[in-house]
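**Q** Below is the sequence, then the predicted model.
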Amino acid sequence: MRLPSRQMPPVPTHSADWKSWIILGAALSGMLLAVVNIVIDHPIGAPIVIGALMASLLVMGCVADRRRQATMTQLAENRTGQSICEFARDFERRTVDTWILRAVYEQLQQELSLEDSQKPFPIRADDKLIDLLSDDDTLDLDLLPDIAWRTGRSLEHCDANPYFGRVSTVRDLVLFFEAQPKISRPAAA
């Protein structure tokens, strides 16, 4: 008998290995070398231009992040009291795997946790992923592998999935995983 979805294991956490640190160090060294070359070639104006560019990018990023946090906080306040139960009711009963529902809900909640709030973010099936996630790569690089691992679904041959390239809402994400083949993984000890 299969375990209830509330007993589904969390995604195992992986700390960065030494290879990641080498790649990060090489990237930072390359950027530093580029800045030094610009300063040597153009000693007078380059530091001012580079500093102004970096400062403007930092300010724009901070402003965009504050706006996004304010929008998400307001959205969460409008949905006070909603839980995974309301989320699950938005799907056909007995046709969608409860493990997929829980994994999608919890992984999105983890990604959307608000900085100034201890409350989990209430997610709805018709929420657009582009509105929820600050970065398009977050879905592909962070969420999909974690959800696939938790649900025991494969991410191979995604192009055969009828939802491939059409995932725009949370509902689409759930149905995408419902259409992916199951894989067997070793039982946790």
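**A** Done, it's in.
**Q** Where does the prediction get shaky in this structure?
**A** Scanning the chain for pLDDT under 70 picks out 1-3, 7, 9, 12-18, 39, 42-47, 114-119, 185-189.
**Q** And the helices in it, which stretches?
**A** Listed in chain order, the helices found in the chain under DSSP state H are 18-41, 46-78, 84-89, 98-112, 129-132, 136-137, 144-151, 170-179.
**Q** Next one: Ser134 from Asp65, what distance?
**A** 8 Å (Cβ to Cβ, to the nearest Å). (C-beta placed from N, C-alpha, C; glycine too.)
**Q** And for Ser5?
**A** 33 Å.
**Q** Looking at the two, which is more packed in?
**A** Ser5 (19 against 12; other Cβ atoms under 10 Å).
**Q** That one contacts Leu101, correct?
**A** Yes. Using Cβ atoms under 8 Å, Ser5 is in contact with Leu101, at 6.9 Å.
**Q** Kindly provide the distance from the residue positioned nearest the centre of the chain to Leu112.
**A** Residue closest to the average C-alpha location in the chain (Cα atoms, centre = their mean): Thr138, at 3.7 Å. Distance, Thr138 to Leu112, using Cβ to Cβ: 10 Å.
**Q** Return the residues in contact with Glu106.
**A** By Cβ atoms under 8 Å, 6 or more residues apart in numbering, Glu106 lies in contact with Ile84.
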